[in-house]
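1. sequence below, structure please.
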Amino acid sequence: MTTETLKKPVNISQSNELTEAAYYLPLQAKRVLWLCLMQCYPMKDDPDSVSPIFTVTVADYQKFFKVSVDTASTDVKKGVTALAGSSVVFYPKEGEFEEVKRPWLAEAGLKKGRGKWQIEFNYKVMPYLMGLTSQFTTYSLYDCGKINSVRVIRLYESLCQYRSSGVWITTQDWLSERFMLPESQRSNFAEMKRTFINPALKKINANTPLKAAMTQNDDGRLVFTILDSKS
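-> Below you'll find the predicted structure:
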């Protein structure tokens, strides 16, 4: 991918399988993943044309996340290192497995003196980046660029998945598992609501095109209502 590709509108598109996967990445790693997903976006209609090898530069990180070159260099290295040491859990809707855990990367190399990383994703993860189905979650990096909490970003991605219907129904257990929430929130819904859901919705409503609220059904399920101010 060239820098010219990154000058186009900064859209990110990922398969719903990835949106619904269980993983936790620090902010730097999430941003490195974004830089790769941005390169996938122009080719999402032809997944077979996308190479598993991506280039992530310090210059692009600095440009999109408005940090100094020194911070960008440190952040990219931290992000790549975190991706290289992390796994993601998928929940296939078909096949013999209920859940499958796979490492994100096959390899990552820093080009000498160029501020450029070459990242190769695990070939078994690539289909989830591009889509095993025709269903994608798409949003603009500019719409959530002010959010610096990874779990809030992941909640935003989930809400984006259901913005066309305006309603997302889920459970405390689903959020706990997929977002890898801390035990204090997993075991105590009041604590989850006070320290995660309510503050997250406040940040999303203030900093993105979405306006969302959450109520709880009599059966305990969580009902998120979503209004997209761009639609």
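
2. and A190, how many neighbours?
-> Neighbour count of A190, defined by other CB atoms under 10 Å: 8. For the C-beta atoms, the positions are set from N, CA and C on the backbone; glycine is no exception.

3. may I see the buried residues of the helix or strand harbouring it?
-> Using DSSP states H and E, A190 maps to helix 189-192. By 16 or more other CB atoms under 10 Å, the buried positions in helix 189-192 come out as 189, 192.

4. what helices or strands is that helix leaning on?
-> Applying 3 or more CB pairs under 8 Å, 6 or more residues apart in numbering; DSSP states H and E, we find helix 189-192 packed against helix 172-178, helix 183-186.

5. could you export the ones you listed as JSON lines, including distance to Y23?
-> Shown next, in JSON lines, are the helices and strands packed on helix 189-192 (distance: least, CB to CB, whole Å):
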{"stretch": "helix 172-178", "distance to Y23": "8"}
{"stretch": "helix 183-186", "distance to Y23": "16"}
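
6. which of the ones you listed sits most buried?
-> Most buried of the helices and strands packed on helix 189-192, by mean neighbour count (mean count of other CB atoms under 10 Å): helix 172-178, with a mean of 17.

7. export only the CA atoms of that helix, formatted as CSV.
-> Coordinates of the C-alpha atoms in helix 172-178 are reproduced here as CSV (Å, rounded to 0.1, in the frame of the first residue of the first chain):
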residue,chain,number,x,y,z
GLN,A,172,-23.6,-8.8,30.7
ASP,A,173,-21.8,-12.1,30.0
TRP,A,174,-21.2,-11.3,26.3
LEU,A,175,-19.7,-8.0,27.1
SER,A,176,-17.5,-9.5,29.8
GLU,A,177,-16.2,-12.2,27.6
ARG,A,178,-15.7,-10.4,24.3
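
8. what is it packed up against?
-> Looks like helix 172-178 contacts helix 183-186, helix 189-192 (3+ CB pairs under 8 Å, 6+ apart).

9. quick one, what contacts the spatially most central residue of the chain?
-> The centroid of the chain falls nearest to R154 when counting by CA atoms, centre = their mean (5.7 Å). Contacts here follow CB atoms under 8 Å, 6 or more residues apart in numbering; on that basis R154 touches 178-179.

10. that one belongs to a helix?
-> Yes - applying DSSP: H, G, I helix; E, B strand; the rest coil, one finds R154 inside a helix.

11. got the domain ranges for the protein?
-> Annotated domains of the chain cover 10-130, 146-228 [automatic domain parsing].

12. weakest of those in terms of mean pLDDT?
-> Ranked on mean pLDDT, the bottom entry among the domains of the chain is domain 10-130, at a mean of 89.

13. start to end distance for it?
-> 17 Å (CA to CA, to the nearest Å).

14. tabulate the domains of the chain (JSON lines), appending distance to S140.
-> Below are the domains of the chain laid out as JSON lines (distance: least, CB to CB, whole Å):
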{"stretch": "domain 10-130", "distance to S140": "6"}
{"stretch": "domain 146-228", "distance to S140": "9"}
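
15. okay, strands next: where are they in the chain?
-> 11-15, 53-57, 87-90, 100-103, 105-111, 116-121, 136-140, 167-170, 210-216, 222-228 (DSSP state E).
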